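Asks: coords please:
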Amino acid sequence: MTFSPSKRPQLNRLTRTVTPSNIFPTKQEGVLIGGQIYWNPATVANPHGCIIGGSGAGKTQTLKAIAWEVSRLANVVIIDFHGDQELPGETCYHVNMKSNAGINPMRLNLDQEGGGPNLRAIELAILFKKTLTLGANQEAKLLDCFKHCYFRRGISQESHESWLKVPPNFSDLENLLEEMAGEDKEAEKLRLKLSTIFEYGIFNKSQPLNQTLTRWNLSKLPPQLQAIAGDALAQQLMNDHRLSGEHGIPTPKTVLFIDEAKELGHSKALDRIAADGRKYGLGLWVASQSSRHISKDVLTNTFTKLILPVDSSELPVTARTFRFSEEAIANLNPLESLVRFGKNANKVNVTPYYQRNTP
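Replies: Here you go, the predicted structure:
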């Protein structure tokens, strides 16, 4: 369906939907969105999707429903910032001050052409600068400290075999900064800046492995720690899939789901998954209240887009970004969605998670 700049049809009044078989497959081949509309990760251009919807629009129920259905076709990993994405049969890792499970952002990418301790140290320094608003001197000091932590563990950029050793964690970083603080004022400032992170201790604990359906519950963490933890998990997923080589079949091996994507900001890890994940069998679904919370790279590389009702202040940017009329979006009711598969657009009543056939 083509929309002219002038008189655009109101999609909520469509009496007929065009559903080419290569885009909207049969139930046996795909994931039900709602009505007669299905999403098949094996037939679309890429296995990525995004959902935009305001408070009360049904965004969380929609993402949860798709994640549940996809879990029957592929491995699913959920980064849960609000603690409301629980699914039957999941393995849930609660990450907080008192939990046994942790996340190690210092885990290495073992790709010999694009990994190793030096690159990871740089990535972490950049991430911490953005998340914690570090100054240039603090960023440089933190970069040196990350590199030195790897060095102390006998891990060097030159020796690929050393990358297989147990990586350092933030206990190593905290100990190093404490040693340096007495004679190095910049190290002392950095130690104070990171004191909250050290106190929570989530980056000091062992990190469990992802299972077939895994939910990382980060809801008890402050926003800054959520951003670092979520970015680390997404980065690790991409690294692991890339290391396994090209996937070779259309259906993805794993799909990552993230509600409230704004908590990650414009994550470089998500940009990498959106750009290259399909090749290595990794899909990505993100949801947010505004398209402004999702990077341009992720939006550009996402084939499937669902628009639920949004706040009136978001109407102009949502209409421009997803090529729908403001009127069509404004007339949506909760759990009504405009669905775009590439150039094909339809309106659908979403079947929410609570109406799905779950145990």
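
Asks: any low-confidence regions in the stretch 51-200 of the chain?
Replies: Counting by pLDDT under 70, the stretch 51-200 of the chain shows no low-confidence range.

Asks: where along it do the helices fall?
Replies: All helices of the stretch 51-200 of the chain, identified by DSSP state H, counting those that start in this stretch, fall at 59-70, 117-132, 136-152, 170-181, 185-193, 195-200.

Asks: between these, which gets nearest to P47?
Replies: P47 lies closest to helix 59-70 among these, at 8.8 Å (C-beta to C-beta). Every C-beta, even on glycine, is put in place using the N, C-alpha and C of the backbone.

Asks: can you name every helix or strand that that closest one contacts?
Replies: strand 31-34, strand 49-52, strand 75-80, strand 254-258, strand 282-288 (3 or more C-beta pairs under 8 Å, 6 or more residues apart in numbering; DSSP states H and E).

Asks: show me what the second one pairs with in its sheet, parallel or antiparallel.
Replies: Right, the one you point to is strand 49-52. Looking at strand 49-52 with DSSP bridges, its partner strands are strand 282-288 (parallel), strand 304-307 (parallel).

Asks: for R340, what are phi and psi?
Replies: R340 adopts backbone torsions of phi -120, psi 120, taken as degrees, to the nearest 10.

Asks: who's the residue nearest to it when sequence neighbours are not counted bridged to?
Replies: When the adjacent residues along the chain are set aside, R340 lies closest to K305, with 4.5 Å between them (C-beta to C-beta, 6 or more residues apart in numbering). Bridge pairing for K305 (DSSP bridges) gives the partners C50, R340.

Asks: do I have it right that H82 meets I258?
Replies: No. Look at H82 against I258 with C-beta atoms under 8 Å: they stay out of range, at 11.0 Å.

Asks: I'd like the distance between A65 and K205.
Replies: Per C-beta to C-beta, to the nearest Å, A65 is found 32 Å from K205.

Asks: if we can go back for a sec, H82 and I258: who's more crowded?
Replies: Between H82 and I258, counted using other C-beta atoms under 10 Å, the more crowded position is I258 (27 against 13).

Asks: which residues touch the more buried one?
Replies: I258 makes contacts with 78-79, 81, 230, 234, 264, 270, 284-287, as judged by C-beta atoms under 8 Å, 6 or more residues apart in numbering.

Asks: which two of the residues you listed have the greatest separation?
Replies: Maximum pairwise distance among these (C-beta to C-beta): 15.5 Å, between F81 and L284.

Asks: so these two - more neighbours on which side?
Replies: L284 (29 against 23).

Asks: unless I'm mixing things up, the more buried one is touching I51, no?
Replies: No. Using C-beta under 8 Å, L284 is not in contact with I51, being 11.8 Å away.

Asks: for my notes, confirm P252 occurs in a helix.
Replies: No. In this structure, P252 is coil, not part of a helix, as judged by DSSP: H, G, I helix; E, B strand; the rest coil.
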